[in-house]
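A.B. asks: here's my sequence, what's the structure:
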Amino acid sequence: MQPRFPKPAYLDVLSLTTGRTYGLVAAEHVADLPRAATDVTRICNEARIYDELFRRRLAGRPYTGMHAAGFLAWAREGWQQGTHFVFFLMTPEERIAGALDIKSSALDGAEIGYWASSAHKGIMTGGVASLRELAARAGYQALYARVRQGNIRSSAVLRRNGFTPAGAVAEGGVSLDVYIRSLEGSAGRSESWSN
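C.D. replies: Alright, predicted model coming up:
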C-alpha cells in the first residue's frame with residue numbers, strides 16, 4: 001500500500017521564534033522554481049548544516065549547485081515514483097528556508113530527516129509537526145529519526161514533537177540516537193506545541 005497524501009500536500013508552519021508564517025510544500029511544486037537550486041546551495045553551505053550533513057560526505061569540499069540540482073531532481077522523482085517524499089519550508093516570497101523528508105513509503109514506520117537555514121530560526125518544530133500531520137493523513141503509522149549524538153537542537157525538535165528515544169546505532173563511524181513517534185490515532189488531529 002502506498003501513502004496517500006492530501007492534494008495539495010501543503011500546511012502552514014509558524015516560526016516559534018518570530019511568529020512568521022511559512023508553508024510546508026511538497027517538492028513537486030517547488031523543485032522547478034528559478035531560485036530553488038541557489039537557495040539549497042546557500043543553505044547547505046551554512047556552517048551548522050554543512051558540518052552535520054555534508055562535511056564527511058563531501059570530504060570537506062563545498063556543496064555545489066550541481067549537488068543542489070541533483071537533490072531537487074531526486075526530490076521531484078520521489079513524488080513521481082512514490083518512493084520518498086521531500087517537502088520544503090517556503091517563505092511568503094517563495095524562497096526555500098528548509099527541507100524535510102520522509103525517506104520511504106513504508107507505512108509501518110519511515111525515517112524522516114530535516115534541515116533549515118539559520119536565517120529562519122524557530123521553524124523546524126512546527127515543520128516536523130506539520131510533516132507528522134501530513135504523514136498521518138497519508139496513512140503512516142509511525143515515523144522515526146536518527147540524530148547525531150550531541151545534536152541537542154535536533155533532539156529537542158523531536159522531543160517537542162512527541163518522539164521518544166529508542167536507542168542508538170552506529171553508522172560509518174558516527175553514533176546516532178534514534179527517536180520514534182507513533183502516529184496511530186493522530187490523523188487529522190491538530191496539536192499545539194511550545195518551544
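A.B. asks: does residue 13 touch residue 125 like I think?
C.D. replies: No - the pair residue 13 / residue 125 is not scored as a contact, 9.1 Å apart, by CB atoms under 8 Å. Placement of C-beta: from N, CA and C, glycine included.
A.B. asks: what about those two, which has more around it?
C.D. replies: residue 13 (27 against 22; other CB atoms under 10 Å).
A.B. asks: in which helix or strand does that one reside?
C.D. replies: When elements are defined using DSSP states H and E, residue 13 is found to belong to strand 10-14.
A.B. asks: pairing partners for that strand, with directions?
C.D. replies: With DSSP bridges as the test, strand 10-14 is paired with strand 21-26 (antiparallel).
A.B. asks: other SSEs contacting whatever helix or strand comes next after the partner strand?
C.D. replies: Stepping forward along the backbone from strand 21-26, the first helix or strand reached (DSSP H and E) is helix 36-44. Taking 3 or more CB pairs under 8 Å, 6 or more residues apart in numbering; DSSP states H and E as the contact definition, the neighbouring helices and strands of helix 36-44 are helix 65-81, strand 96-102, strand 110-116.
A.B. asks: quick one: low-confidence ranges for this protein?
C.D. replies: Per-residue confidence for the chain (pLDDT under 70) gives these ranges: 186-195.
A.B. asks: mind redoing it with 90?
C.D. replies: Across the chain, the stretches falling below the confidence threshold (pLDDT under 90) are 1, 6-9, 16, 29-34, 172-174, 184-195.
A.B. asks: spatially nearest residue to residue 4 (excluding sequence neighbours)?
C.D. replies: Nearest-residue entry for residue 4: residue 138, 5.4 Å, with adjacent residues in sequence omitted and distances by CB to CB, 6 or more residues apart in numbering.
A.B. asks: from residue 101, how far out is the one you found?
C.D. replies: When distances are taken as CB to CB, to the nearest Å, residue 138 and residue 101 turn out to be 13 Å apart.
A.B. asks: got the contact list for residue 58?
C.D. replies: With CB atoms under 8 Å, 6 or more residues apart in numbering as the criterion, the residues that contact residue 58 are residue 67.
A.B. asks: let's verify it: helix, strand, or coil?
C.D. replies: Secondary structure for residue 58, judged by DSSP: H, G, I helix; E, B strand; the rest coil, is coil.
A.B. asks: please report the distance of it from residue 64.
C.D. replies: From residue 58 over to residue 64 (counting by CB to CB), the distance is 9 Å.
A.B. asks: quick check: residue 131 is in a helix.
C.D. replies: Yes - following the definition three-state DSSP, residue 131 is counted among the residues of a helix.
A.B. asks: test my guess that it contacts residue 112.
C.D. replies: Yes - counting by CB under 8 Å, residue 131 touches residue 112, with 6.4 Å between them.
A.B. asks: before we move on, back to that, residue 18 is nearest to which of the helices and strands packed on helix 36-44?
C.D. replies: Checking those against residue 18 by CB to CB gives strand 96-102 as the closest, at 11.2 Å.
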